[in-house]
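Asker: Predicted structure and sequence below. I'll ask about it afterward.
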Amino acid sequence: MTTIFRTASAALVLSLSALGTTPALAQDGDSTTIHNNDDGSDYAVLGLGGAILTDYEGSDDYSFTPVPIGIGRVSGFNFLLAGNRLSVDLIADNFGPGLDFQAGPVAALNFNRSSTKSIDDERIKALGKRKTALEVGGYLGIGQTGVFTSEFDRLSASVSYRKGVTGAHSAGIFTPTVTYMTPLSTKSVVTIFVAAERAEKGYAQSYFGINPQQSEDSGLPVYNARGGWKNWTLGGAGAVSLTGNLRNGLQAFGGVVYRRMLNDFAESPVTSIAGDRDQWLGSVGLAYSF
């Protein structure tokens, strides 16, 4: 379970983004027309997901873990919890169709290689454990509701920056993301997204660098990892109601993400010899809206 929460975040966040649209969906009589009737009321979606993820960042081995999830709105302010990551939007929603701005804090616990028990590759185990890193920062975003398919499809873009303040590294991670969500009916919704990560040198050295002693212990060559663009990802997610509609009750969700490691993060022996620069992540789960 060492790297699960960090690597699961992308798929789970997009799954939850789909679930988070449910309070505003409404339908006229027997028609299939979806209207945005969001009145700004509070709501919450709580659930548990199961994720298939790499043993560590850059690995070609996979394992399964449960991950808690939650999304909601209180007094117009949104919050999102996906595994290890928590964010809060401090700008109250612009309810209904139109332009919306987001800004607020984000925090994550990075468990990457903080234990060797779930890592199959003996060479990576020999590199030693890393401390759990607390990464804190903020994000900015803008979104347009009512774009192509209905009054509630949504196109949004955001950037976030987190910096390690304790543990394995003290470097920053910059993440731009573009997301598109559209409801298919009052019972189902889908989301697609593209994102990238840029990490500073301290992060690269902590997780992808190999010093002479580590090289001797593991058999992997010495490697001096620099900062830069770490990866890009492309993913999709969806949710479907199991009890009538997405506004309340039980629902199932799932997501799949392709991740491509880049530059020194791909060329490091941690990835190029012991792992794989091409990675697939997935999650499924159940959630309850109220």
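Answerer: Arrived safely, thanks for sending.
Asker: Number of residues surrounding the residue lying closest to V74 once chain neighbours are set aside?
Answerer: Spatial nearest neighbour of V74, excluding adjacent residues (CB to CB, 6 or more residues apart in numbering): D42 at 5.4 Å. Just so you know, the C-beta spots here come from the backbone N, C-alpha and C atoms, and that holds for glycine as well. Using other CB atoms under 10 Å, D42 has 12 neighbouring residues.
Asker: ok, now which ones touch D42?
Answerer: For D42, the contact set (CB atoms under 8 Å, 6 or more residues apart in numbering) comprises 72-75.
Asker: And the pLDDT at the nearest residue to P212 once chain neighbours are set aside?
Answerer: Closest residue to P212 apart from its sequence neighbours, by CB to CB, 6+ apart: V222 at 5.7 Å. pLDDT recorded at V222 is 98.
Asker: what's the answer for G141, then?
Answerer: pLDDT recorded at G141 is 95.
Asker: what sits against it?
Answerer: Shown in contact with G141 (CB under 8 Å, 6+ apart): 101-103, 156-159.
Asker: can you redo those residues as CSV with pLDDT, secondary structure and neighbour count?
Answerer: Converted to CSV, the contacts of G141 look like this (pLDDT from 0 to 100; DSSP: H, G, I helix; E, B strand; the rest coil; neighbours: other CB atoms under 10 Å):
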residue, pLDDT, secondary structure, neighbour count
F101, 92, strand, 13
Q102, 92, strand, 18
A103, 97, strand, 14
S156, 93, strand, 19
A157, 95, strand, 13
S158, 94, strand, 18
V159, 96, strand, 12
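Asker: I'd like to know which of the contacts of D42 are buried.
Answerer: Buried subset of these (neighbour count, 16 or more other CB atoms under 10 Å): 72-73.
Asker: So which of the contacts of D42 belong to strands?
Answerer: Judged by DSSP state E, the contacts of D42 include 72-74 as members of strands.
Asker: re earlier: among the contacts of D42, which one lies nearest to V240?
Answerer: G72 (19.8 Å; CB to CB).
Asker: Spatially, what comes nearest to that closest one if we skip its sequence neighbours?
Answerer: Nearest to G72 is A44, by CB to CB, 6+ apart, at 3.7 Å.
Asker: ditto for V136
Answerer: Per CB to CB, 6+ apart, closest to V136 is A107, 4.7 Å.
Asker: What of G137?
Answerer: Looking at G137 with CB to CB, 6+ apart, the closest residue is R162, at 3.8 Å.
Asker: again with A204
Answerer: A225 (3.8 Å).
Asker: part of a strand, is the one you found?
Answerer: No: per DSSP: H, G, I helix; E, B strand; the rest coil, A225 lies outside any strand segment and is coil.
Asker: Quick check: it touching N211?
Answerer: No: A225 is beyond contact range of N211, at 10.7 Å (criterion: CB atoms under 8 Å).
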